[in-house]
Every structure is written in structure tokens, then in C-alpha cells.
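Engineer: Predicted coordinates and the sequence they were generated for:
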Amino acid sequence: MTAGILAGGASSRMGRNKALLEVGGRPILRRQLDLLRPLFERVLIGANDPDLYAPFGAEIIPDQLAERSPLAGLHALLSAARTEHLFVVPCDAPFLNPRLIEHLLDLRAGFDAVVPESDAGLEPLHAVYSRSCLPAIEECARRGEWKMTAFHPRVRVRTPRIADREWVVEGRSPFLNVNTPQDYGSAGP
């Protein structure tokens, strides 16, 4: 299995690189790598600035598509994966739950994607995707459809309902993203 961390965003709402923000004394990206490496044979970082992430010792995968978007990052990570499935997560999620990740992986049989529905709605950036999604993603790119879920109608998607409270880590949802300074404050750096 392969895991991919989407780290190519501009961090415009935060004003600084979210992957490098410290939570619990470590950068979020380091927390993620430490959790994901024992679970996956390969962990990739989707980013267009390899020098910034080189110190983390992971393979950096740049976008292949022209548009900078999470969908372009997913496309690059799926293209680089040597396994059929990829677990993907955004670089600003400090409270990943390994049991939840394994649960999502267990649900993948017969589906091209497993996209959990949390208390806040669909979580397409915290999901499992098959390489079979690549043609549908490429079709969306040709049409200029860059929403992360744009390709979902073209593939088989399973959307299991996940109650955040059943998967909390350090008292916080595994889906918590630190997009803004307020979010970062709630992460309890």
C-alpha cells in the first residue's frame, strides 16, 4: 500500500506553510510521516517545491497537470504509486487515526474510492483512491473541472458514515484541518 500527503497548497488562509506548523512539538508533516510510515510500504509527498520537503526524507512528487489544485496533486500521487490503492491526506491534518485509516482501507474492495462522510460532510482529502480513478481525473482536467469530487460520478465511490467522536486523537477529530490561524489555535500547538 501507498500513502500520499498533499502538500502543494498555497496556505493562503493561514499565511504560512501549514505542513511545517508545529503541533505537540513537531511539524504536522513529521507527525504524519511518523504515523504513516509503519502502516505503508511507501509514503509520498505531493508538492511542487521539493527542496522545502527534502529534509523529511520522503519522495516528493510534483504535479503533472497544469492547474495547481488538490485534484492535480491526487493525480500526481496516483500516477506515482506503484500499488493499486493510495491513502491520501492533506498536510494540515495533525490528528490522523491509524485505526480509521485501516478501517477505510478495509472498505475498498469493489470500489474505486472510499471517501468518508464525517460530521462535517464528505472528506475527499482523507480517503482511499484506486489508480482506476486516473482516467476520470484526466477527463475532468480536460474539461477544466478541478473540484476534488468532480470525477466521482465517473467512478465507483463508497461513502461510509464516520462519526468523528468514535475516532478522536488527543481529543480532536482526525478530520481537523488547520486552514486558518483559528484552526491552528484549536489544534493546541
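Structural biologist: Everything's here; your move.
Engineer: Please determine how far the residue sitting furthest away from the middle of the chain is located from Ile137.
Structural biologist: Computed with C-alpha atoms, centre = their mean, the residue of the chain farthest from its C-alpha average is Arg143, at 23.3 Å. Distance, Arg143 to Ile137, by C-beta to C-beta, to the nearest Å: 11 Å. C-beta coordinates here come from the backbone N, C-alpha and C atoms, glycine included.
Engineer: In this protein, mark out all the strands, start to finish.
Structural biologist: 2-6, 22-23, 26-27, 42-46, 59-61, 85-90, 113-114, 117-118, 121-122, 127-130, 157-158 (DSSP state E).
Engineer: Bridged to the residue lying closest to Asp34 once chain neighbours are set aside, which residues?
Structural biologist: Spatially, and ignoring its direct neighbours in sequence, Asp34 is nearest to Arg26 (7.7 Å; C-beta to C-beta, 6 or more residues apart in numbering). For Arg26, the beta-bridge partners are Val23 (DSSP bridges).
Engineer: count of neighbours near Arg26?
Structural biologist: 14 (other C-beta atoms under 10 Å).
Engineer: hang on, the earlier thing: looking at the strands of the chain, which one is packed in the most?
Structural biologist: Comparing the strands of the chain by mean neighbour count (mean count of other C-beta atoms under 10 Å), strand 2-6 ranks first with a mean of 27.
Engineer: can you state the direction angle for that one and strand 85-90?
Structural biologist: Strand 2-6 runs at 20 degrees relative to strand 85-90, counting by axes from the mean of the first three to the mean of the last three C-alpha atoms, to 10 degrees.
Engineer: Alpha carbons only: can I get strand 2-6 in PDB?
Structural biologist: Taking C-alpha atoms only, strand 2-6 is exported to PDB below (Å, rounded to 0.1, in the frame of the first residue of the first chain):
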ATOM      1  CA  THR A   2       1.000   3.600  -0.600                       C
ATOM      2  CA  ALA A   3       0.100   6.800   1.300                       C
ATOM      3  CA  GLY A   4       0.300  10.300  -0.100                       C
ATOM      4  CA  ILE A   5       0.400  13.600   1.600                       C
ATOM      5  CA  LEU A   6      -1.000  16.600  -0.300                       C
END
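Engineer: mind listing what that strand pairs with, with the direction of each?
Structural biologist: strand 42-46 (parallel), strand 85-90 (parallel).
Engineer: List the contacts of the shortest one.
Structural biologist: It stands for strand 42-46. By C-beta atoms under 8 Å, 6 or more residues apart in numbering, the surrounding residues in contact with strand 42-46 are 2-8, 29, 33, 36-37, 53, 56, 58-63, 73-74, 76-77, 80-83, 91.
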